[in-house]
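Colleague: Sequence and computational prediction follow.
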2 protein chains.
Amino acid sequence: MNQDLIAIGKRAQIAANKLALMNTATKNKALLQLANDLIKNKKQIITANQQDLAAATQMPTKFTDRLMVNSQRIEDMANGLRIIADLADPTSQIDKGWITKDGLQILQRRVPLGVIGIIFEARPNVTVDATGLTFKSGNAVILRGGKEAIQTNTALVKILRESLQKQHLPIDAVQLITDTSHAIADEMMNLTDYIDVLIPRGGRALIQRVITTATVPVIETGAGNCHIYIDKDADLTMATNITVNAKVQRPSVCNAAEKLLIHRDVAAEFLPVIAKALMAHGVQLRGDEMACQLVSTIRPVTDEDWKTEYNDLIMAVKIVDSLDDAINHINHYSTHHSESIITNNITRGRYFQQAINSACVYVNASTRFTDGGEFGFGAEIGISTQKLHARGPMGLQQLTTIKYEITGNGQIRK
Amino acid sequence: MNQDLIAIGKRAQIAANKLALMNTATKNKALLQLANDLIKNKKQIITANQQDLAAATQMPTKFTDRLMVNSQRIEDMANGLRIIADLADPTSQIDKGWITKDGLQILQRRVPLGVIGIIFEARPNVTVDATGLTFKSGNAVILRGGKEAIQTNTALVKILRESLQKQHLPIDAVQLITDTSHAIADEMMNLTDYIDVLIPRGGRALIQRVITTATVPVIETGAGNCHIYIDKDADLTMATNITVNAKVQRPSVCNAAEKLLIHRDVAAEFLPVIAKALMAHGVQLRGDEMACQLVSTIRPVTDEDWKTEYNDLIMAVKIVDSLDDAINHINHYSTHHSESIITNNITRGRYFQQAINSACVYVNASTRFTDGGEFGFGAEIGISTQKLHARGPMGLQQLTTIKYEITGNGQIRK
């Protein structure tokens, strides 16, 4: 095991122990100061970012746009920290308490997870967002960003740590692994003695590599092969509005819809209308045999399409014979993120919500609402698509665990 | 990947989908019938168990005692199922609900995890307990017991499945992997497409192998290197009673105390008394230099001792200079299961509860209370020593996850 990594782990654990005992007022004050210090050091951040951008001239615009940091984006990062300062501290919460038959008082307290590892790709704002969320919830964070953003991330973490030091707070609350080799990332994924949970943030390839390599527990985030199902009892105007919104309002994100299922009873009426509406927004449609027959501009779909998260202006269409067919297709191909049924039939809507095996199951609304902000959580570290520990938008609460504090007066077990 | 295992996984998933939609009354009635059918088939179970016992004549009595099933133990298994039938169904619960700024209604529902894999060792009662708990919480279970209990487990699962079939319920709610090779266990640990969570139940070696091998998410259970710390402000009579209870009342279980830390201010008074009391119960003591000086019959401790869960009448003693020394030692060597401070000082007791990084932290009570039954959970599938998803005694609630059911009237994201 890499000695530097173990040293980072040990320092994180010491910081985490201090953070767990820190009161909410101290943490909130610190977050506001971190925000101020980011703004004060804008020039330093932008200079570092320009080095990253200069090294990325070969990359597509989509990529450099994510990497780029300007004055406004630094203001946004700082505002993100201020919003987090305003949120309730989950670790100040006692979930419940009771007295046992033997007179023991048990309190179920909410406590930090400890040390959180975040492995992410090109977006430098993750550095600040993740630091804010982990700090507020009493956790230390070890960050490992992509090599394309290394100068920007290094500058950001330097400013954050200097700000903590100035405030006499544990600087190792945030640490950046500056070695961007794959080998170091692999070792980080196995640092079980020091990291309590790993949260990968990025594309499918990154998340798959973390799941396969890590022995540290992982929370899977962000894969979104989301479905809209238009039931035979749908309001077709509502169906059109929601489908267009879910597909085109922001196609690159994980809660955008990728698949459209239509009940055969309404397919002949609905498909030409929605195809025209989607194509007017530049969406390319792929469909099964019946869809292609109904609308000639739809290209044939492949089995690979059903599994694919396009993150682009592409949508695949399937005509289904029944509600159960729709449910079976979705449960088979979905990444279990968000799905929506459009129907005015209460029984069918309720059945869909119960039978679909995904984090967020909608009736008559766009999948685009699966988001910590929209849910009212204030901020999120990602959307969990797994069932263990956290499911759906992960806010501060999901960065904590519980502890039982039991108080007696000499009880022994008979 | 082994084809039989994939077939088992697929069948489990189909059963899980049906169980998720089954109402509580149906599940409760089924559990009572399972209990009756176990009792009706006592002879068949005992005959199978005698084959296992005949093959285990070379094993120590401690082992064969765990393996042995008699009429009374079958009654206990059946009663376990009846108790589970009486418990509240967590999947009938809506944790909370709210209306978002856009008028979406969000319900946070409790839902089953899906398919649970249980890998266990010699105790055949796990087969029935695990089936009862997973069934009541709406999950399908895939069991993989030790080869020493294969005849007994096969008979038990056959009876349970026949009972389900007779009741026209999904028989694949419970399946047993009868191939007891290591290779099959390893493949089961990587059956990510079909198993949602693995819960190993057994010794340290088994749990370590699962953590290292599995890509399916794991919940670690049962490792208990538990500590009792006698503070300088302790009531020493209470301290004696609790220490003796925590060590000797049932030394083989995970919530028994293995280590005794004593504040130096009370060591000279307390250690001779507690040493005498423990030794009267046959406990062998190992201690640090100062402990050995205070009581001549205490043998020197090694560093390995501090990490070891004896599960036996052995206890290691350390004299500490301060409360912080005790906390640091515990946080370093503990398996994070259960620890107790004996003190009458509120500030010191509260600080200990906050600073100790374990699932259950006691003031003035025996660690032996860390148990689903004692906590009032009714039944448990194990004690989780990890922080993710479940921590401490795992009852029915911990075998579930959440789902967001969101209902709107045409909302799209602006």
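Modeller: Cool, the structure landed.
Colleague: Going by C-alpha atoms from here, please, whenever you check contacts or count neighbours.
Modeller: Noted.
Colleague: tell me the strands in the stretch 51-200 of chain A, going along the chain?
Modeller: All strands of the stretch 51-200 of chain A, identified by DSSP state E, counting those that start in this stretch, fall at A:94-99, A:105-112, A:115-120, A:140-144, A:174-176, A:197-201.
Colleague: right, is the fourth one up against chain B?
Modeller: No - judged by C-alpha under 8 Å from any C-alpha of the partner chain, strand A:140-144 makes no contact with chain B; its nearest approach is 14.5 Å.
Colleague: Sheet partners, orientation included, of that strand?
Modeller: strand A:115-120 (parallel), strand A:174-176 (parallel) (DSSP bridges).
Colleague: buried stuff in the longest one?
Modeller: Looking back up the chat, that one is strand A:115-120. Going by neighbour count (16 or more other C-alpha atoms under 10 Å in any protein chain shown), the buried part of strand A:115-120 is A:Val115, A:Ile116, A:Gly117, A:Ile118, A:Ile119, A:Phe120.
Colleague: quick one, it and strand A:197-201 angle?
Modeller: 20 degrees (axes from the mean of the first three to the mean of the last three C-alpha atoms, to 10 degrees).
Colleague: who touches strand A:115-120?
Modeller: Identification of contacts with strand A:115-120 by C-alpha atoms under 8 Å, 6 or more residues apart in numbering or on different chains yields A:12-13, A:16, A:126, A:130, A:134, A:139-146, A:194-202.
Colleague: same check, this time on stretch A:80-95
Modeller: A:24, A:27-29, A:31-32, A:34-35, A:107-112, A:128-129, A:132-133, A:136-138, A:378-379, A:396-397, A:400.
Colleague: Tell me who's in contact with A:Glu220.
Modeller: A:Ile199, A:Pro200, A:Ile207, A:Ile211, A:Ser384, A:Thr385, A:Gln386.
Colleague: make it 6 Å
Modeller: With contact set as C-alpha atoms under 6 Å, 6 or more residues apart in numbering or on different chains, A:Glu220 has these partners: A:Ser384, A:Thr385, A:Gln386.
Colleague: near chain B too, which of those?
Modeller: Contacts with chain B within the contacts of A:Glu220, counted by C-alpha under 6 Å from any C-alpha of the partner chain: none were found.
Colleague: Now do stretch A:243-261: distance from first to last residue.
Modeller: End-to-end distance for stretch A:243-261: 10 Å, by C-alpha to C-alpha, to the nearest Å.
Colleague: Looking at that stretch now, give me its mean pLDDT.
Modeller: When pLDDT is averaged over stretch A:243-261, the result is 96.
Colleague: okay, the strands paired with strand A:140-144 in a markdown table with mean pLDDT and distance to A:Ile406 next?
Modeller: Supplementary listing: the strands paired with strand A:140-144 in a markdown table, determined by pLDDT from 0 to 100; distance: least, C-alpha to C-alpha, whole Å:
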| stretch | mean pLDDT | distance to A:Ile406 |
| --- | --- | --- |
| strand A:115-120 | 96 | 25 |
| strand A:174-176 | 98 | 32 |
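Colleague: Quick one: closest of the ones you listed to A:Ala7.
Modeller: Relative to A:Ala7, the nearest member of those by C-alpha to C-alpha is strand A:174-176, separated by 11.1 Å.
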